[in-house]
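Sharing a model that was predicted from the sequence below.
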Amino acid sequence: MTSQLNVDTIVDKAGSGGSNVKMANTSTYVSDGGGVTQNTVQGLVKAWIQHSEGTSISDSFNFGSVTDVGTGNYKPNYTNSMANDDYAASGMVGNGNDRYCAAGSMTTALVDTHYKRGDGNTTDIGEALLIVIGDLA
C-alpha cells in the first residue's frame with residue numbers, strides 16, 4: 001500500500017522552522033512542465049571551488065585543498081571522493097578574456113586542471129572557478 005503526505009511546510013519538532021530532510025539516491029522530482037521526472041541526487045553539484053593565486057581557496061564545497069603542480073596546473077582535492085572518474089567538471093578563469101580551463105586527468109580524489117591562454121600555453125591565473133557534477137562514493 002502506498003501513501004502520500006501533503007504538506008505546505010516541514011519544520012522541526014520545536015517549530016523553529018529548521019529541519020533536516022534525508023533523501024535516498026533514488027529520489028525524483030517532477031519537471032517544471034510536469035512531463036518528466038529526474039533523479040534529484042544525480043542533478044546536484046557535488047563540488048565547487050573558487051581559488052586564487054594557486055592554492056588560496058576563497059570559498060568551496062567538497063574541496064579541501066589545492067595542489068599547485070606547476071605553471072597553470074592545479075589539482076583541487078575532494079573532501080569526499082567521487083564514486084568513479086566518469087563525472088563532469090567545468091571550469092573558468094576569472095581574469096583575462098584570452099584564458100580558459102582545460103581538464104587533465106580526473107580521479108575519484110581530484111580533478112587535474114590546466115589554465116591556458118588563447119595560444120594554448122599554460123599560464124598562472126589570478127582566480128579560477130570549478131564545478132563538478134557526478135556520483136559521490
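In hand now; what should we look at?

Can you give the contact residues for stretch 62-72?
46-49, 51, 54-55, 57, 74-80, 110, 112, 114-116, 122-125, 132 (Cβ atoms under 8 Å, 6 or more residues apart in numbering). Just so you know, the C-beta spots here come from the backbone N, C-alpha and C atoms, and that holds for glycine as well.

Repeat that for stretch 79-88.
Contacts for stretch 79-88 (Cβ under 8 Å, 6+ apart): 46-47, 62-64, 105-109, 132-137.

Derive a PyMOL selection command for the buried subset of the residues you listed.
Remark: buried members of the contacts of stretch 79-88, expressed as a PyMOL selection using 16 or more other Cβ atoms under 10 Å:
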select buried, resi 46+47+62+63+106+132+134+136
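
List just the nearest of the contacts of stretch 79-88 to Gly33.
Checking those against Gly33 with Cβ to Cβ, the nearest one is Ile133 at 22.1 Å.

for the closest residue to the closest one other than its chain neighbours, phi and psi?
Of all residues not flanking Ile133 in the chain, Ala88 sits nearest, at 4.9 Å (Cβ to Cβ, 6 or more residues apart in numbering). Ala88 adopts backbone torsions of phi -110, psi 140, taken as degrees, to the nearest 10.
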